[in-house]
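Undergrad: give me a model of this one.
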Amino acid sequence: YSFFATVSKRQSVSKASEELRVSQPSISQQLRQLENRQGVKLYTRLPHGVAITEAGELLLKDIAPILQQVSKLENGLTAVRRRSRLEALRIGGVDSIAAVLLPSLIARFRQSHRTATIDLRGGTSDLLERLVLSGAVELAVTVREAASKELACEPLRWEPVAMFVRSSHRLAKKSLVHPKDLNGVSLIVRGGPGGMGVTDRALRQVRLRGVHFKVAMHCEGPTAIKAAVRERMGVGMLYEDAVKAEVKAGEFKILKVPGLDLQGQSYIIHSKKRELSPLGLEFLELLRRAGQNQKA
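TA: Residues are numbered from 1 along each chain as shown. Model (predicted):
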């Protein structure tokens, strides 16, 4: 019916073909089938177009309300698809942040943005900086100050660093672990030796408590550290949020060491050259409030 309506409006099969982007033979075939179903002649061909018959005019009058309703529905769906494309938020966070904080904030954010598409990327601080600089991610939460001057960077909150073991480990039986109990332990930590990262600062603090330990393994990320702890290779050291699920499940236990306060600062980063979208600005404020609530 829509083909016949377009041919009638344009008074030409060729012009209808151009408008609909459908070949002329296909349109002619559809019109023949329509005439066969109706059992009447709907149009006649002219040297430079077509003329609609009286029966064709009556049919157009009958189908006009239906075609208008179909057009209204199609326009509505187009608007929804366009709005869905515009309502897109791309954010990122280091593994510990992406594990707990960001999902909880996203759940709250979705309550007022049910049609928005949200893309959450995890990774190292290095990777996240590159994603923000390239525009693949609008804003991200990292655990170091931004290295690039093209990035805006602001402190978010303090992230607790946990020393943890398998629930069957000898230290897991202690409600409190004194520093002397850690003498001789093998630590599984993130990153490489040296530098001024969170892990290195935490290790120095442990040494200042008089603990004599050895670093048994440096790993690239939380997954490898947790796997090594599962294999009884030593005591793991990670941001607390990164092991909350396993602790809740009873697989790991976080060691409570009096006088040992291990933590690292997290940061919000975004591009200075690229304005945040309305959704990005709203999520930024949500992150800021999360940081303020911790301080309060």
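
Undergrad: what about the residue nearest to residue 117 when sequence neighbours are not counted, distance to residue 167?
TA: Of all residues not flanking residue 117 in the chain, residue 88 sits nearest, at 4.5 Å (C-beta to C-beta, 6 or more residues apart in numbering). For glycine as for every other residue, the C-beta is placed from the backbone atoms N, C-alpha and C. Using C-beta to C-beta, to the nearest Å, one gets 42 Å for the distance from residue 88 to residue 167.

Undergrad: then residue 19?
TA: Taken as C-beta to C-beta, the span from residue 19 to residue 167 is 70 Å.

Undergrad: again, but for residue 105
TA: From residue 105 to residue 167 the distance is 30 Å (C-beta to C-beta).

Undergrad: got the contact list for the strand or helix carrying residue 107?
TA: Taking DSSP states H and E as the criterion, residue 107 maps to helix 101-110. The list of residues contacting helix 101-110 from outside it, by C-beta atoms under 8 Å, 6 or more residues apart in numbering, reads 89, 91, 93, 116, 118, 120, 141, 241, 282-283, 286-287, 290.

Undergrad: now do 7 Å
TA: For helix 101-110, the surrounding residues in contact (C-beta atoms under 7 Å, 6 or more residues apart in numbering) are 91, 93, 118, 120, 141, 241, 283, 286-287, 290.

Undergrad: buried ones among those?
TA: 91, 93, 118, 141, 241, 283, 287, 290 (16 or more other C-beta atoms under 10 Å).

Undergrad: farthest pair within those?
TA: 118 and 241 (19.3 Å; C-beta to C-beta).

Undergrad: how about stretch 127-140 as CSV, C-alpha atoms only?
TA: C-alpha atoms of stretch 127-140 as CSV (Å, rounded to 0.1, in the frame of the first residue of the first chain):
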residue,chain,number,x,y,z
LEU,A,127,45.1,2.4,29.8
LEU,A,128,42.4,4.6,31.2
GLU,A,129,44.3,7.8,30.5
ARG,A,130,44.8,6.7,26.9
LEU,A,131,41.0,6.0,26.6
VAL,A,132,40.1,9.4,27.9
LEU,A,133,42.6,11.2,25.7
SER,A,134,41.3,9.4,22.6
GLY,A,135,37.6,10.1,23.5
ALA,A,136,36.8,6.4,23.8
VAL,A,137,35.9,7.1,27.5
GLU,A,138,34.4,10.4,28.8
LEU,A,139,35.7,10.2,32.3
ALA,A,140,37.5,7.6,34.4
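
Undergrad: what is the burial count for residue 224?
TA: 15 (other C-beta atoms under 10 Å).

Undergrad: touching the host helix or strand of it from outside, list them.
TA: Applying DSSP H and E as the criterion places residue 224 in helix 222-230. Residues from elsewhere that reach helix 222-230 (C-beta under 7 Å, 6+ apart): 95-96, 164-166, 188, 190, 217, 219, 234, 236, 238, 242-243, 246, 252.

Undergrad: in the stretch 101-250 of the chain, which spans are strands?
TA: Taking DSSP state E, counting those that start in this stretch to define them, one finds strands in the stretch 101-250 of the chain at 117-122, 139-142, 151-166, 186-190, 214-219, 235-239.

Undergrad: okay, those, which one's buried deepest?
TA: Mean neighbour count (mean count of other C-beta atoms under 10 Å) peaks for strand 139-142 among the strands of the stretch 101-250 of the chain, with a mean of 26.

Undergrad: partner strands of that one, with direction?
TA: strand 88-93 (parallel), strand 263-271 (antiparallel) (DSSP bridges).

Undergrad: can you put those strands in a markdown table and add distance to residue 25?
TA: A markdown table is the format used below for the strands paired with strand 139-142 (distance: least, C-beta to C-beta, whole Å):
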| stretch | distance to residue 25 |
| --- | --- |
| strand 88-93 | 41 |
| strand 263-271 | 52 |
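
Undergrad: now tabulate those in CSV and tack on distance to residue 200 and mean pLDDT.
TA: Below are the strands paired with strand 139-142 laid out as CSV (distance: least, C-beta to C-beta, whole Å; pLDDT from 0 to 100):
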stretch, distance to residue 200, mean pLDDT
strand 88-93, 22, 92
strand 263-271, 10, 92
